[in-house]
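**Q** Okay, here's the prediction I keep looking at, along with the sequence it came from:
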Amino acid sequence: MTFLMKKQFLYILLTLIINACSVSPNAEISVSQHAISASKQPLKNRHKKSTEGIISVDIVNSNNRLHLLTGRLKRGQKTLWYQNSNDGGKSWSSAIKILNDDNLAIKMSRGNDAQITAQGNIIVITWTKYDPKSRFKAGTMQAARSTDDGQHWQYSAAPPDWKKGPHGYIDMTADDFAIHVVWLDSRVKTSEIKSTQGLRYAKSTDSGLSWQSNKTLDSVSCSCCWNTVKTDTTGTPYVLYRDRQPSDMSLGIINKQQQWHYLNHVGAFNWQFDGCPHIGGGLDFQNTAGNKRIHAIVGTGQQNHLGVHYLYSSDAGKNWSTPMQLGSESAIHADIAAHDSGRVVAVWDMITENGLAVFMAESKDQGNKWSTPEQLSKPSRRATHPRIIKTREGFFVLWTENDGKHSMLVKSSL
């Protein structure tokens, strides 16, 4: 095995161990036969008892109101909770237990979190149902809806029109006209490539009451990496997802005719990996003095480009800048947000001498120059899966920290 191959293998092994420690029992951990023969550690870790506390997080900014969805595990029981903030995250409403259910049948974990989006005072959430009879205990997608700013919740129609499941790695976004949802499922077996599913899409024009027929955006995608969907100022949904052969992140749009248009790889690393790395990316839009850019951050295990990398596109996603590495080769989970003021902030987790920690770096000129990385999390705890959104005041970051017994949510304004 060459030095570069050893580096890539160690990175994938590290990635699988980190993800296995953060997911719930029986979560899918796919790895190449080479990695399995080299170490059984990831497979052992996946059966460890889950740490109690916050195990799922999602946040969205809708008209300068932040909507926060957290999933909690306590004494084997799982619940979902909703809060909102009208001041950029400085203060929060009291937490409301969604559906008033003390033990939801839900499969959720960091990287495969329950999702939230909002249109005015209507809020929609989605999650994957826990199904003990299915492979990896993952079932169909479920949804709930509130029409009174999150005070009361009811089960609602779920986006998939294929009801067998499992559905997973969901993401949602909303604008003034529609709610858009993407997820992975295996309704059609079209490939002999290992560790694949299909990327699906659904749209609602009545605030989540009903959903249009599903569209397959890519029939062969990675089966366990989180997806990202965001709309630009014209209401066009952009979807960032992990492709297969190569396993690079890809970007496409759903145009006004509701047709999928593939744009390009975001970072053409040519990463050939026969497995499932549990690494997604982040995406945001920026318009500064008429200069429009899409900013992205992606993770890769390609042996010459290990870690997470920042890129930008000035032509609506068709072409991308040269990737710039942020952090060390051990960086894994990352997100990004951009203000029209010119500020861009990236966050990620990576290994330090004190364990897994969350870092940030900032650009004040649309991504051309970047600050020295700064650690956000405390060294005494294992910090992972940071999320960042822009607010009226600046940026808001949150991640989970684990002291070995309890997982907690940490919030910070930038």
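**A** The structure has been received and is ready for your questions.

**Q** Spatially nearest residue to residue 271 (excluding sequence neighbours)?
**A** Spatial nearest neighbour of residue 271, chain neighbours left out: residue 302 (3.9 Å); criterion: Cβ to Cβ, 6 or more residues apart in numbering. The C-beta positions use only the backbone N, C-alpha and C, and glycine is treated the same way.

**Q** Which pLDDT value goes with the one you found?
**A** pLDDT recorded at residue 302 is 93.

**Q** Ok, residue 5 next?
**A** Looking at residue 5, its pLDDT stands at 52.

**Q** Check the one 10 residues further on too.
**A** If you check residue 15, the pLDDT there is 62.

**Q** number of nearby residues for residue 154?
**A** 10 (other Cβ atoms under 10 Å).

**Q** how near is the closest residue to it other than its chain neighbours to residue 169?
**A** Excluding its sequence neighbours, the residue lying closest to residue 154 (Cβ to Cβ, 6+ apart) is residue 145, at 6.0 Å. Counting by Cβ to Cβ, to the nearest Å, the gap between residue 145 and residue 169 amounts to 21 Å.

**Q** Which parts of this structure are helices?
**A** Under the criterion DSSP state H, the chain carries helices at the ranges 3-22, 33-38, 41-45.

**Q** give me the low-pLDDT residue ranges for the protein?
**A** Low-confidence segments of the chain (pLDDT under 70): 1-50, 190-191.

**Q** now with 90?
**A** The chain contains residues with pLDDT under 90 at 1-51, 133-136, 165, 188-196, 274-276, 289-290, 379-380, 393, 404-405.

**Q** List the residues that contact residue 100.
**A** residue 153 (Cβ atoms under 8 Å, 6 or more residues apart in numbering).

**Q** hang on, the earlier thing: if I pick the residue nearest to residue 154, what's in contact with it?
**A** Counting by Cβ under 8 Å, 6+ apart, residue 145 makes contact with 122-125, 153-156, 207-209.

**Q** Name only those of the residues you listed that count as buried.
**A** Buried residues within the contacts of residue 145, counting neighbours by 16 or more other Cβ atoms under 10 Å: 122-125, 153, 156, 207-208.

**Q** of all those, which comes closest to residue 342?
**A** Checking these against residue 342 by Cβ to Cβ gives residue 123 as the nearest, at 31.4 Å.

**Q** So the closest one sits against residue 116, correct?
**A** Yes: under the criterion of Cβ atoms under 8 Å, residue 123 makes contact with residue 116 at 6.7 Å.

**Q** picking up where we left off before, export the buried ones among the contacts of residue 145 to a markdown table and tack on distance to residue 403?
**A** Compiled in a markdown table, the buried ones among the contacts of residue 145 are given as follows (distance: Cβ to Cβ, whole Å):
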| residue | distance to residue 403 |
| --- | --- |
| 122 | 37 |
| 123 | 31 |
| 124 | 33 |
| 125 | 28 |
| 153 | 31 |
| 156 | 36 |
| 207 | 40 |
| 208 | 37 |
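
**Q** Tell me which of the residues you listed fall in strands.
**A** Counting by DSSP state E, the part of those found in strands is 122-125, 156.

**Q** tell me which of these is nearest to residue 66?
**A** Closest approach to residue 66 among these (Cβ to Cβ): residue 123, at 11.8 Å.

**Q** List the residues that contact the closest one.
**A** By Cβ under 8 Å, 6+ apart, residue 123 lies in contact with 67, 82, 116-117, 145-146, 149-150.

**Q** one more time with 7 Å
**A** 67, 116, 146, 150 (Cβ atoms under 7 Å, 6 or more residues apart in numbering).

**Q** Any idea what it is bridged to?
**A** Counting by DSSP bridges, residue 123 is bridged to residue 118, residue 146.

**Q** with the contacts of residue 145 in mind, which one is nearest to residue 184?
**A** Using Cβ to Cβ, these come closest to residue 184 at residue 125, 18.1 Å.

**Q** Quickly check the buried ones among the contacts of residue 145 for the two that are furthest apart.
**A** 153 and 207 (14.1 Å).

**Q** Could you double-check that residue 344 sits in contact with residue 294?
**A** No: using Cβ atoms under 7 Å as the test, residue 344 is too far from residue 294 to be in contact (10.9 Å).

**Q** Can you get me a residue count around residue 60?
**A** If you count neighbours by other Cβ under 10 Å, residue 60 ends up with 18.

**Q** Please report the distance of it from residue 119.
**A** Here residue 60 is placed at a distance of 11 Å from residue 119 (Cβ to Cβ).

**Q** Report the buried residues of stretch 194-208.
**A** Under the neighbour-count criterion of 16+ other Cβ under 10 Å, stretch 194-208 has 195-204, 207-208 buried.

**Q** for stretch 73-83, same thing?
**A** 73, 78-83.

**Q** got it, and stretch 261-268?
**A** Buried-residue list, stretch 261-268, by 16+ other Cβ under 10 Å: 263-267.

**Q** Same check on stretch 297-307?
**A** Within stretch 297-307, the residues scored as buried using 16+ other Cβ under 10 Å are 297-303, 305-307.
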